[in-house]
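**Student:** Return a 3D structure for these sequence lines:
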Amino acid sequence: MSSTVEHSNDMPPTRDFKAAIDILRSRARLRRPTQLGTSTLPSAAFPNGEPQFTGKPPIQGMEGWLQLLGRPHEKLSVVHIAGTKGKGSTAAMVESFLRSKGLRTGLYTSPHLVTQTERFRINFKPLAEEAFAKYFFEVYDSLGLSDEVISPRYLQLQALIAFYVFAHENVDIAICETHHGGEFDATNIIRNTIAAGITPIGMDHVFQLGPSIENIAWHKAGIIKPGASAFSAVQSPEVARVLTERGAEKGVTVNFVPRRQDLDETGLPDLQQQNCSLAIAISDSVLEKRSMEPLSQGQIVDAMRQFRWPGRFQTVRGADGTWFLDGAHNELSIERSAEWFSKASAAESGDEPPRILIYSHLSDSRDGEGMLRSLIGALRVPLQHVVLTTYDLRGLEAERAEDMLRRYDKVCRNHLPDATVWIKPDIEDALQCARSACKDTTAEKAPPHIFITGSLYLVGRVLKVLDVKI
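**Tutor:** Presented below is the predicted three-dimensional model:
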């Protein structure tokens, strides 16, 4: 007896990678919600009153959707990473260390630079487009997304896909970065956390998680689970207190990890050595729980010399100059980015190069002007030129984008009175402007140093235009 499966009229006509991406993008919101959420999720010991949270907590709904998928998250052993800056780099370093010890790894991070598949890595290799499409439509069918049901939003769906992929790829360990926050984050539905890592915490996503640094720390510490190891970078006293108290609620001691002094031979920039120190502590904890030998100094050096994390503290040398790219997108990380560029640019031998900044930040949930001021204040080398641009006008009204660029222009003219400032909304025009701005000076000076920061999306677009392999 044969049977057929009837599909909804909303079923996509094709089931290839492009169709999967189109569906996924259709679930993205144009803007974050601005109304305070009314969560009924259990919570206790809120600092300074109940922490602010806008919209519906992303963790809501995840349990039911995972049930439809066969509860793949329960098959995973997970390292969970939260924080304000460096969480993607730290997660990638943990992956590198554990893979170097022979473990099969899954790595979930966001956002991506060029293609969606970068978010889902097996042994650090992004999923092939064919594999992504296959897994996507298996999730699509299991959740009944073509029917009129309450369905996951963009980041919720990404997390569901990650859990599903990692379970079906039989990874030994899944390393998952939170989207933002922690307590109510979609990724926090995981059950089998073996280690939680928290990178430096600052004032980011304030409207969603604030208003105070203690509130933000409370959310980040939500990834700590009973029975799991917990590690944190060195934090400010008020943040450390909240993390310690939240760990105690779960019966977990939070171990604060200082920067190691034996990492210079890894070749990592100073600022990445802090992330590496945290990643080593997390990795050794995982290895101990698996009855494996800890990382040796030689293994640490070898893994980090081969380590690549595109878009973060990345240098690309070309015929038209040296490009310094970092996807810093909050005030804490952008100060570190400026420090890195200042040191790296000043270290170049030869004549003083002309320096140009390409900046963009389009999020309406952060203070892009404050970020730009922080960046300028942290620079220790002069800028001759600034190009202000955008990276994607889809979902961003042109009028609002123009207003942002005008405000950034005002910041630059107030704080960099000797620099030439251009507004170039199109990214390709911005790059051409940067090249042209320095063209007349390169005959007499060293090739220009072009610093690109403010958003991972901006860095991704630039890498794509420059045709740099991710």
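
**Student:** Only C-alpha atoms from now on, for both contacts and neighbour counts.
**Tutor:** Noted.

**Student:** low-confidence ranges in the stretch 251-400 of the chain?
**Tutor:** Along the stretch 251-400 of the chain, segments meeting pLDDT under 70 span 349, 392-397.

**Student:** now with 90?
**Tutor:** Under the criterion pLDDT under 90, the flagged ranges of the stretch 251-400 of the chain are 269-271, 318-321, 329-333, 347-352, 362-367, 391-400.

**Student:** Now do the helices in it.
**Tutor:** 270-289, 297-305, 331-347, 368-378, 398-415 (DSSP state H, counting those that start in this stretch).

**Student:** Please identify the buried residues of the first one?
**Tutor:** When neighbours are counted by 16 or more other Cα atoms under 10 Å, the buried residues of helix 270-289 are found to be 270-287.

**Student:** Which secondary structure elements does that helix sit against?
**Tutor:** helix 87-100, strand 193-198, strand 229-233, strand 254-257 (3 or more Cα pairs under 8 Å, 6 or more residues apart in numbering; DSSP states H and E).

**Student:** distance between the second one and the chain's centre?
**Tutor:** In this case it means strand 193-198. Here strand 193-198 shows a centroid-to-chain-centroid distance of 17 Å under the convention Cα atoms, centre = their mean, to the nearest Å.

**Student:** Quickly run through the sheet partners of it, with directions.
**Tutor:** Strand 193-198 pairs in its sheet with strand 78-82 (parallel), strand 229-233 (parallel), by DSSP bridges.

**Student:** what's the angle between it and helix 270-289?
**Tutor:** Between the axes of strand 193-198 and helix 270-289, defined by axes from the mean of the first three to the mean of the last three Cα atoms, to 10 degrees, the angle is 160 degrees.

**Student:** Distance to Phe163 added to the helices of the stretch 251-400 of the chain, as CSV?
**Tutor:** Converted to CSV, those look like this (distance: least, Cα to Cα, whole Å):
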stretch, distance to Phe163
helix 270-289, 19
helix 297-305, 26
helix 331-347, 28
helix 368-378, 33
helix 398-415, 35
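
**Student:** Quick one: closest of these to Met203.
**Tutor:** For the helices of the stretch 251-400 of the chain, proximity to Met203 was assessed by Cα to Cα; helix 331-347 is nearest, at 7.6 Å.

**Student:** Which positions in the closest one come out as buried?
**Tutor:** Going by neighbour count (16+ other Cα under 10 Å), the buried part of helix 331-347 is 331-343, 345.

**Student:** Kindly calculate the angle that it makes with helix 270-289.
**Tutor:** Going by the same axes, to 10 degrees, helix 331-347 makes 120 degrees with helix 270-289.

**Student:** what packs against helix 331-347?
**Tutor:** helix 368-378, strand 449-453.

**Student:** Please identify the most buried of these.
**Tutor:** Greatest average neighbour count among these goes to strand 449-453 (a mean of 26), per mean count of other Cα atoms under 10 Å.

**Student:** ok, residues contacting that strand?
**Tutor:** Strand 449-453 is touched from outside by 321-329, 334, 337, 341, 345, 353-360, 434, 458-459, with contacts defined as Cα atoms under 8 Å, 6 or more residues apart in numbering.

**Student:** can I get the strands paired with strand 193-198 in JSON lines with mean neighbour count and mean pLDDT?
**Tutor:** What follows is the strands paired with strand 193-198, written out as JSON lines (neighbours: other Cα atoms under 10 Å; pLDDT from 0 to 100):
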{"stretch": "strand 78-82", "mean neighbour count": "29", "mean pLDDT": "99"}
{"stretch": "strand 229-233", "mean neighbour count": "25", "mean pLDDT": "99"}
